[in-house]
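fold the following and give me the result.
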Amino acid sequence: QIESLDKSLEDLLTRVDEFVGMLDMIRSDSSQVVNESIPEIYTKATAMRQIYRKIDKLEAFVKMVGNSVAGLEERVIKAETDLGAFPSTFKKILHTINIPSFLNKSSSSRQQQTLYEPPVLFKTEDYFPCLNEAPY
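Numbers count the residues shown, from 1 in each chain. Predicted coordinates:
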């Protein structure tokens, strides 16, 4: 009976040693997480906030460019309707085919031509100052 109790105690001591080893491993992993990983995660999160701000600015820039392009598109469409959509080469071809009445209608329908006012365009350098610097 003593031998069996001695064997059980020895087995129990082995299990306790294994348990203590696992606890030490968990403690060292926890201290590594607290001392190394969390500061790294915090640093990365701070850097990501700067990247998110840059992304937000880029999205605003893309939206502004889209609005500018849409405005220019509207002006082009308006100019085409005011001045006629046919390029001058097509008009010359139609004149040679003897269909001047078609062309005269389109030109007489435009009674007054407005003066060209160039659109206000954005400058990319205002949004990307690094473009002002000389390349490598």
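
next structured bit after the helix-or-strand element of the chain with minimal mean pLDDT?
The least trusted helix or strand in the chain, going by mean pLDDT, DSSP states H and E, turns out to be helix 100-109, with a mean of 48. As assigned by DSSP states H and E, the chain's next helix or strand after helix 100-109 is helix 124-127.

send me that next one as CSV with only the CA atoms.
Extracted C-alpha coordinates of helix 124-127, given in CSV (Å, rounded to 0.1, in the frame of the first residue of the first chain):
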residue,chain,number,x,y,z
THR,A,124,-2.9,69.5,-58.3
GLU,A,125,0.1,71.1,-56.5
ASP,A,126,-2.3,72.7,-54.0
TYR,A,127,-3.3,69.2,-52.9
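
for this protein, which helix is longest?
When the chain is parsed with DSSP state H, its longest helix is helix 38-83.

residues near the residue nearest to Phe61 when sequence neighbours are not counted, how many?
The shortest distance from Phe61 to any non-neighbouring residue, by CB to CB, 6 or more residues apart in numbering, is to Tyr127 (5.3 Å). Just so you know, the C-beta spots here come from the backbone N, C-alpha and C atoms, and that holds for glycine as well. Per other CB atoms under 10 Å, the neighbour tally for Tyr127 reads 14.

ok, Phe19 to Ser8 distance?
Here Phe19 is placed at a distance of 16 Å from Ser8 (CB to CB, to the nearest Å).
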